[in-house]
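Asks: below are the sequence and a predicted model for it; my questions follow.
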Amino acid sequence: MKMHQSLGQGKNLFTGYGEGHVLINAQRHDGNLIVSGDEIVSWAAPDFPNLAAEHFEVLLAYQPEVVLFGSGKSQRFVHPKLYAALTQAGIGIECMDTQAACRTFNILLAEDRRVIAALLAI
């Protein structure tokens, strides 16, 4: 699926996604990712059943207002104990499928929100 880009240069925007990948500014990225407006890095998170608290604790370094957790092809909810460090720091977390996380990220970034997407591959 292709998505419409609505922000100016210099920000990471999701421009598409497909089986096993996302497009950020028309560049293909595979695997699990952490994406902010300024940075794209591989996320060392395993598959959904093997997620642990330390996988979410690394997100604290980005100092976001909100984390969009993309759980893959379908929406799955992470147990609150896994993201307790985020909650204790006053950071919101939303769980959604990875495609919805990509679309929501673009909207929040356009509103100048401090948002990161932590994505499991589709």
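Replies: Sure, I can see it.
Asks: can you report how many residues lie near residue 70?
Replies: 29 (other Cβ atoms under 10 Å). For every residue, glycine as well, the C-beta is placed using N, CA and C.
Asks: number the chain from 11, please
Replies: Let's use 11 as the start, then, which means that last one is residue 80.
Asks: quick one: it from residue 22, how far?
Replies: Using Cβ to Cβ, to the nearest Å, one gets 14 Å for the distance from residue 80 to residue 22.
Asks: residue 29 and residue 82, how far apart?
Replies: Distance, residue 29 to residue 82, using Cβ to Cβ: 11 Å.
Asks: residues bridging contact with these two, i.e. touching both?
Replies: With Cβ atoms under 8 Å, 6 or more residues apart in numbering applied, the overlap between the contact sets of residue 29 and residue 82 consists of residue 132.
Asks: so which of those two has more stuff around it?
Replies: Under the criterion of other Cβ under 10 Å, the comparison of residue 29 against residue 82 puts residue 82 first, with 16 against 7.
Asks: in terms of helices and strands, where is residue 22?
Replies: Using DSSP states H and E, residue 22 sits in no helix or strand.
Asks: tell me the pLDDT of it.
Replies: The predicted local confidence for residue 22 comes out at a pLDDT of 97.
Asks: ok, residue 30 next?
Replies: The score at residue 30 is 89. That number is its pLDDT.
Asks: what residues are up against the residue nearest to it when sequence neighbours are not counted?
Replies: The spatially closest residue to residue 30, leaving aside those adjacent along the chain, is residue 131, at 5.5 Å (Cβ to Cβ, 6 or more residues apart in numbering). The neighbourhood of residue 131, defined by Cβ under 8 Å, 6+ apart, consists of 30, 31, 40, 41, 42, 82, 108.
Asks: at 10 Å instead, please
Replies: Shown here is residue 131, whose contacts under the criterion Cβ atoms under 10 Å, 6 or more residues apart in numbering are 27, 29-32, 39-43, 53, 55, 57, 80, 82-83, 108.
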